[in-house]
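Peer 1: Sharing a sequence plus its predicted fold:
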Amino acid sequence: MLGNKTLVTNGDQTDTIYELMDKQQTFEQALRTREFEPDAPNYTPRISGIMHLENGRYNYAMSILKSNNGDPSSCNRYTFAYENPTAGEGHFIHTYMGDGNPLPSFEGEPTLVGIEGDINSFTKTVWENLNEENKVSLFVRFIEIESGKYETRIVNKNGKE
């Protein structure tokens with residue numbers, strides 16, 4: 001967390017974003033210093049999210065940095081920003097679209113998802129709906145908008161939390 005902002009990423013770019021935003025750079029400016037993973041032939045995309053909570057309101061953004069159709073000489077950068085979100089709705093972004101060799105990167109806008117139940121039932125629903133062969137880990141955080149209090153769940157395919 002950085003003040004009233006919550007950052008989530010699938011890699012060490014959390015530190016980069018945190019450090020640069022702490023120096024008054026924006027989420028997008030911080031992401032400009034990063035790229036996808038250099039793990040040919042997949043070039044694993046890097047996904048990031050930020051939620052800004054203030055005065056009982058919130059907004060959030062999600063980003064994906066990926067190679068240009070497997071070409072490591074070019075990084076495609078996409079950011080999706082959501083203002084005044086509707087209660088009970090969220091967005092889901094992931095690294096890959098399915099199996100393949102190389103693995104196909106996520107494409108398009110993050111998927112709209114309904115958020116129902118408590119954090120445990122929601123976490124279980126999301127985890128059980130991920131592709132069994134490709135899922136690695138899942139981070140879920142429920143944040144009470146009025147108070148800023150939060151609960152977190154982390155699920156890992158190896159059973160570690």
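Peer 2: Everything's here; your move.

Peer 1: Show me the shaky parts of this structure.
Peer 2: 1, 160-161 (pLDDT under 70).

Peer 1: please redo it, this time with the cut-off set to 80
Peer 2: 1-3, 11, 133-134, 159-161 (pLDDT under 80).

Peer 1: which residues in it form strands?
Peer 2: 5-9, 46-54, 57-68, 71-83, 89-92, 111-114, 137-143, 150-156 (DSSP state E).

Peer 1: Give me the sheet partners of the second one and which way each runs.
Peer 2: Going back to what we said before, that points to strand 46-54. Looking at strand 46-54 with DSSP bridges, its partner strands are strand 5-9 (antiparallel), strand 57-68 (antiparallel).

Peer 1: And for the last one?
Peer 2: When sheet partners are counted by DSSP bridges, strand 150-156 sits next to strand 137-143 (antiparallel).

Peer 1: Give me the buried positions along the partner strand.
Peer 2: 138, 140 (16 or more other C-beta atoms under 10 Å). Any C-beta I mention is one placed from the backbone N, CA and C, and that applies to glycine too.

Peer 1: swap in stretch 46-54?
Peer 2: 46-53.

Peer 1: Which one of those residues is nearest to Asp15?
Peer 2: Using C-beta to C-beta, Ser48 comes nearest to Asp15 of the buried residues of stretch 46-54, at 11.7 Å.

Peer 1: Test my guess that that closest one contacts Leu31.
Peer 2: Yes - under the criterion of C-beta atoms under 8 Å, Ser48 makes contact with Leu31 at 6.5 Å.
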